[in-house]
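# coordinates only, sequence not included:
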Ligand code: UTP
């Protein structure tokens, strides 16, 4: 018997090979190769911990308190310290110490777009894809600081080839291809409610990406950390593929990370309302943690600080982090007590029945396991949380319609462009929400943040004029 089949049988997972005899020799090799990817010891541990427990088991709230954060000068923060942080970040960029990192391995099921999410056309006027927006911000920042910036992009098995092909076809959006690095994240098998690894078809396992937390071990495994070491890069600016508003290279954020000697820094936004569906930055037993909205009791979410009149648990996480290379390496190496936990999600998982016929379940029939990158925070030395404004950093495209949709994101981009323009006297008409009345788009190659925009504006020979489609600055 093949040693892989033997190990699965010994682990009580022999069902994976129920239809082995019906497969062609190539099909058999493929299934063996997939099975070889599975860490049976890890699955067994998850079965004992996450699967055996009911999904309703609550999280530990003992000793929980809101995490402190560095407020913006606008909200009482120390303006001189912010200036100093910005200078430190600019120096790190000029020294070539910073790389950009996009996690783009998600399945994007809510958006329902056919293709890698990063290829989704997102800008209001020219419909640039998400990847192009980031590429141009990174290109422009590299020019500004006199050092091209390396960009790591984490894909999944499912979207890797399509992502690479998209970049090739679009000539890497003007970036030097030698500075753009793609690597696949790991996969985890789905299991039934009694812990059996599931098949998707008779010849393949039900595998899915291991969550954005899988990025830490994938960065190591792919050689990205070695490349960073060779290139003298020790700081990674982490952001998600669905958020074109992000300042993916933000000198103040990078600088706060450097000045405070933090190993992992994060941006918070003040929650818009008590029940907003974001993770909450908290402290617990001396560690910084993120507690998901689904795990924080509604009463705590709504608690008001009498001194300020604001929500006590105000700091919402928007998945923006700066990480130190050596910290990622330590997390990836794991070892006693150092590992990101897995989270359990009960899902409808396409599978096969006992006769090998396809089954499309109507209700959850199995469990997926994912790691979350913010679970690294408790392991980081001197973790730091700084405030940012939603309008400057966060408008994700998650859903096809309604909140966090392409429409809300286009509107938020236009509000940002209009703010930059009107700060320089463009006199653009806007509605009560700040949205310009005509379509507006500013290319990141013109200006990708307030500073770069201001510089480009000063160099304009004459004020821009709107065309029939709207106002475009590129
Ligand atoms: P989301 O939580 O929005 O998940 O990912 P998703 O899979 O993209 O979308 P839905 O839930 O199916 O609609 C947040 C970010 O984390 C990345 C995504 O690509 C996105 O940038 N991510 C998520 C990964 O890179 N890998 C994963 O396994 C999960």
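Alright, I've got the coordinates. This structure is a prediction, so every number in the text was calculated from the model and none was measured. Residues are numbered from 1 along each chain as shown.

# Phi and psi next, for residue 145.
phi -100, psi 10 (degrees, to the nearest 10).

# count of residues packed around the residue in the stretch 51-200 of the chain positioned nearest to the ligand?
Nearest to the ligand in the stretch 51-200 of the chain, going by C-beta to the nearest ligand atom, is residue 106, at a distance of 2.2 Å. For glycine as for every other residue, the C-beta is placed from the backbone atoms N, C-alpha and C. By other C-beta atoms under 10 Å, 23 other residues sit near residue 106.

# The nearest residue to residue 470 once chain neighbours are set aside and residue 122, how far apart?
Using C-beta to C-beta, 6 or more residues apart in numbering and skipping residues adjacent in sequence, the residue nearest residue 470 is residue 439, 3.2 Å away. Separation of residue 439 from residue 122 (C-beta to C-beta, to the nearest Å) stands at 14 Å.

# Of those two, which one has the most company?
More crowded of residue 439 and residue 122, by other C-beta under 10 Å: residue 122, with 24 against 15.

# circling back: contacting residues for the residue of the stretch 51-200 of the chain closest to the ligand?
117, 156, 209, 212, 241, 242 (C-beta atoms under 8 Å, 6 or more residues apart in numbering).

# host element of the last one?
Right, residue 242. Assigned by DSSP states H and E, residue 242 falls within no helix or strand.

# Can you tell me, leaving aside adjacent residues, what's nearest to it?
With C-beta to C-beta, 6+ apart, the residue lying closest to residue 242 is residue 396, at 4.5 Å.

# For that neighbour, give me its contacts.
240, 242, 243, 404, 409 are the contacts of residue 396 under C-beta under 8 Å, 6+ apart.

# Show the subsequent helix or strand relative to the helix or strand the last one falls within.
Counting by DSSP H and E, the element that carries residue 409 is helix 406-423. Beyond helix 406-423 on the C-terminal side, the first helix or strand identified by DSSP H and E is strand 440-442.

# can you pull the buried residues of that next one?
440, 441, 442 (16 or more other C-beta atoms under 10 Å).

# Quick check: bridge partners of the first one?
With DSSP bridges applied, residue 440 shows beta-bridge pairing to residue 471.

# any idea how far it is from the ligand?
Going from residue 440 to the ligand by C-beta to the nearest ligand atom, to the nearest Å gives 26 Å.

# Over to the second one?
If you measure residue 441 against the ligand using C-beta to the nearest ligand atom, the figure is 23 Å.

# Number the residues from 404 up from this point.
Happy to do that; since the first residue is 404 now, the last one works out to residue 844.

# Next, the contact list for the closest residue to that residue other than its chain neighbours, please.
Nearest residue to residue 844 in three dimensions, chain neighbours excluded: residue 528, at 3.8 Å (C-beta to C-beta, 6+ apart). Residues in contact with residue 528 (C-beta under 8 Å, 6+ apart) are 842, 843, 844, 872, 873, 875.

# could you redo the last one with a cut-off of 10 Å?
The contact partners of residue 528, by C-beta atoms under 10 Å, 6 or more residues apart in numbering, come to 813, 816-817, 820, 841-846, 870, 872-875, 877.

# Let's see the pLDDT reported for it.
On pLDDT, residue 528 comes in at 97.

# Please tell me how far it sits from residue 562.
Taken as C-beta to C-beta, the span from residue 528 to residue 562 is 27 Å.

# what does the chain put close to the ligand?
506-513, 557, 588, 612-615, 643-645, 801 (C-beta under 6 Å from any ligand atom).

# In the chain, where is pLDDT below threshold?
456-461 (pLDDT under 70).

# ok, which stretches of the protein are helices?
406-413, 428-440, 443-449, 482-497, 533-548, 563-572, 617-624, 627-634, 654-662, 701-705, 728-736, 793-796, 809-826, 853-862 (DSSP state H).

# Nearest to residue 769, out of the ones you listed?
Of all the helices of the chain, helix 443-449 sits nearest to residue 769, with 12.6 Å by C-beta to C-beta.

# for that closest one, which positions count as buried?
Quick answer for helix 443-449 (16+ other C-beta under 10 Å): 443, 446, 449.

# The last one against residue 593, yeah?
Read it as residue 449. No - in this structure, residue 449 is not within contact of residue 593 by C-beta atoms under 10 Å, at 11.1 Å.

# any shared contact partners between these two?
Shared contacts of residue 449 and residue 593, counting by C-beta under 10 Å, 6+ apart, come down to 770, 772.

# tell me the residue furthest from the middle of the chain?
residue 404 (42.1 Å; C-alpha atoms, centre = their mean).

# so who does the closest residue to that one other than its chain neighbours touch?
Take residue 404 and drop its neighbours on the chain: the residue closest to it by C-beta to C-beta, 6+ apart is residue 412, 8.0 Å away. Taking C-beta under 10 Å, 6+ apart, we find residue 412 in contact with 404, 418, 419, 420.

# same check, this time on residue 408
416, 417, 419, 420, 423, 431, 434, 435, 438.

# Distance check, the residue lying closest to the fourth one once chain neighbours are set aside against the ligand.
Excluding its sequence neighbours, the residue lying closest to residue 420 (C-beta to C-beta, 6+ apart) is residue 408, at 5.3 Å. As judged by C-beta to the nearest ligand atom, residue 408 and the ligand stand 28 Å apart.

# for residue 743, same thing?
12 Å.

# Quick check: that residue touching residue 733?
No - the criterion here is C-beta under 10 Å, and residue 743 misses it with residue 733 at 12.0 Å.

# Return every residue with contacts to both of these two.
By C-beta under 10 Å, 6+ apart, the residues touching both residue 743 and residue 733 are 619, 779, 782.

# Name the nearest residue to the first one, ignoring sequence neighbours.
Spatially, and ignoring its direct neighbours in sequence, residue 619 is nearest to residue 734 (4.6 Å; C-beta to C-beta, 6+ apart).

# contacting residues for the one you found?
Per C-beta under 10 Å, 6+ apart, neighbours of residue 734: 616, 618-620, 622-623, 666-667, 726, 741-743, 776, 778-779, 782-783.
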